[in-house]
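Q: curious how this folds, go ahead:
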Amino acid sequence: MPRRPGGQIDVLVASLGTTGGWRAAAAELAASAFERIDANRTARLELLAVIGDAARPWVGVTTVEPESADGAREAGLLVAAGVDVVRVDVPASRELADRLHDAGFELLPWRARAGTGPGDSEPAPAGSQRGLAEVRLALDEAAAERRGYARLATAALPLAGPEQAVVAAFERVDIVDGDPIAEVVDGNVDPDRALADHAFAHRLIARSGSIVVLGAGPLVVAPDLARGAPSGPATLAGRALALELLGAALARRDGIPPGRILVGAIPPWLIEERNSASLAIAQVLLRRAALPGHPLVFEEPEDGTAAIRWRAILGAALPLVERDGLVVRRASAATAGQIVAETRAVADAAADVAGAYGPIDPRGDNRAWMALLASAGVRVARLHDARHTAATLLCQQGVPIRVVMEILGHSQVSLTMRYTHVLPDMMREAAAGMGEALWG
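A: Numbers count the residues shown, from 1 in each chain. Below is the predicted model:
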């Protein structure tokens, strides 16, 4: 019997002679791949059993070092400082850069930092498969020192979903950003391509035991451009939530359980809006009601001013959610210790508040409203209908429309106008007033 070739490509080349050879080689490679995936899933469970899991919510930080050796050192320092999830950005390969270029994106592939000598080993990006293997090893060593499992996360560019899922399964990447809806809306990827890519990726993630992260929904303004009028933040947030619900449904359909589908809690652009705190809290409550069992992700914005406001909103939002999500902060290895301590303090205070007063039930207002209608003997109506009634009564009392707008919390008068309804008495009073003005 001839000696078996060493590499996977050699196996395929040696099997070119017959169709049966191809099938046998493919089946052997697939079996070997699934064996490795299952072994990584088992290794994760065993490590969690031995060294324990980190407290919830997890605190995550994204690395900044581009090369594998530096990225591994940075990851170890972050875990030593208390970080629970280390996220690594996956750069575009040359092939992916070409595909993105064809899709309309100008993006150069990763290149080694200048100064690498001919005698040095060729550097690799921290987000490559080789780099992630080094980061994984550094995380495991630092996690063993602190006695708490540290998770590795990746964030890839559009069109990289299948490749990212394969690497995640092979290198025990615990958390993967994988949002087909965002790829379609924000990345301008063909819907059929995005859905097919992520259907494959989701199934592999489900097999590997990893977690998938969905964004808080893309910003959709196409209907506003077609209509020629901007929508308010509530409408834009509603569109984002609808698309996030679709992304979560696709992931569940592909075999990932809700507890392993993390969903964005607050659309990032919402932090810049007027009344952002109340809008953000409403989004958190809506996701609690619409996505039960899905842990929430709170991600700190890059903009400094928005980040200050976001930190205040985080303290108000955490008492409303289960303590099972992820908080992603902006930090370096030097500042991570302080950032983690601050985040833990906020989470502990939120747990105290929730323990003392109980978490807010987003359906509680509706139940109280229905009980009030029943006790008053009034027909059943939506709680939202009461806002229309309140707006109309305020206008009937002569309250200026801009004052009504502030009371209802609207950002545009045009939206408030849709809430007010003209009553017959109001039309008669208007006609009488016009007659008095004209003829006295």
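
Q: now for the residue most central in space within the chain: which residues touch it?
A: For the chain, the residue whose C-alpha lies nearest the mean C-alpha position (Cα atoms, centre = their mean) is Gly215; its distance is 2.8 Å. Under the criterion of Cβ atoms under 8 Å, 6 or more residues apart in numbering, the contact list for Gly215 reads 177, 179, 182, 244, 247, 264. All C-beta atoms are positioned from the backbone trio N, CA, C, and that covers glycine.

Q: swap the cut-off to 10 Å and go again
A: Taking Cβ atoms under 10 Å, 6 or more residues apart in numbering, we find Gly215 in contact with 177, 179, 181-182, 185-186, 240, 243-244, 247, 263-264, 267-268, 297, 299.

Q: which of those fall in helices?
A: Judged by DSSP state H, the subset of those located in helices is 181-182, 185, 240, 243-244, 247.

Q: that older thread, for ChimeraX, write the select line for the buried members of the contacts of Gly215.
A: Applying 16 or more other Cβ atoms under 10 Å to the contacts of Gly215, the buried members can be selected in ChimeraX as follows:
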select :177,179,181,182,185,240,243,244,247,263,264,267,268,297,299
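
Q: min pLDDT across the contacts of Gly215, which one?
A: Lowest-confidence member of the contacts of Gly215: Asp186, scoring 87 (pLDDT).

Q: my guess is it contacts Val221. True?
A: No: between Asp186 and Val221 no contact is recorded; they are 11.6 Å apart, counting by Cβ atoms under 10 Å.

Q: got a pLDDT number for the residue nearest to the centre of the chain?
A: 94.

Q: Asp425 now?
A: According to the per-residue confidence, Asp425 scores 63 in pLDDT.

Q: okay, now the unreliable bits of the stretch 251-400 of the chain?
A: Flagging of the stretch 251-400 of the chain using pLDDT under 70 yields the residue ranges 358-364.

Q: quick one, strands of it?
A: When assigned using DSSP state E, counting those that start in this stretch, the strands of the stretch 251-400 of the chain occupy the ranges 261-264, 296-299, 326-329.

Q: any chance of these in TSV, plus distance to Asp38?
A: Compiled in TSV, the strands of the stretch 251-400 of the chain are given as follows (distance: least, Cβ to Cβ, whole Å):
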stretch	distance to Asp38
strand 261-264	21
strand 296-299	27
strand 326-329	25
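
Q: so which bits of stretch 337-349 are buried?
A: Buried residues in stretch 337-349, defined by neighbour count with 16+ other Cβ under 10 Å: 337, 339-340, 343, 346-347.

Q: in the helix or strand that Glu141 is a member of, what's buried?
A: Under the assignment given by DSSP states H and E, the secondary-structure element containing Glu141 is helix 129-146. Taking 16+ other Cβ under 10 Å as the neighbour-count basis, helix 129-146 is seen to contain the buried residues 129, 131-136, 138-140, 142-143, 146.

Q: what about it, distance to the chain center?
A: Averaged C-alpha coordinates place helix 129-146 at 24 Å from its chain's average position (Cα atoms, centre = their mean, to the nearest Å).

Q: the helices in the stretch 151-300 of the chain, which residues?
A: Assignment of helices within the stretch 151-300 of the chain using DSSP state H, counting those that start in this stretch yields the ranges 161-170, 180-185, 191-208, 222-227, 233-253, 276-290.

Q: between helix 191-208 and the fifth one, find me the angle.
A: Using axes from the mean of the first three to the mean of the last three Cα atoms, to 10 degrees, one finds that helix 233-253 and helix 191-208 are set 60 degrees apart in direction.

Q: which other helices and strands contact helix 233-253?
A: Contact analysis of helix 233-253 by 3 or more Cβ pairs under 10 Å, 6 or more residues apart in numbering; DSSP states H and E lists helix 180-185, helix 191-208, strand 211-214, helix 222-227, strand 261-264, helix 276-290 as its packing neighbours.

Q: try it again at 6 Å.
A: Using 3 or more Cβ pairs under 6 Å, 6 or more residues apart in numbering; DSSP states H and E, the elements in contact with helix 233-253 are helix 180-185, strand 261-264, helix 276-290.

Q: mind putting these into CSV with distance to His384?
A: Written out in CSV, the entries for the helices and strands packed on helix 233-253 read as follows (distance: least, Cβ to Cβ, whole Å):
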stretch, distance to His384
helix 180-185, 27
strand 261-264, 24
helix 276-290, 13
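
Q: deepest in the core, which of those is it.
A: Scoring those by mean neighbour count under mean count of other Cβ atoms under 10 Å gives strand 261-264 as the most buried, with a mean of 24.

Q: so in that sheet, which strands flank it, and in what orientation?
A: Strand partners for strand 261-264, identified by DSSP bridges, are recorded as strand 211-214 (parallel), strand 296-299 (parallel).

Q: that strand: how far from the chain's middle?
A: Between the mean C-alpha location of strand 261-264 and the chain-wide mean there is a distance of 5 Å, by Cα atoms, centre = their mean.
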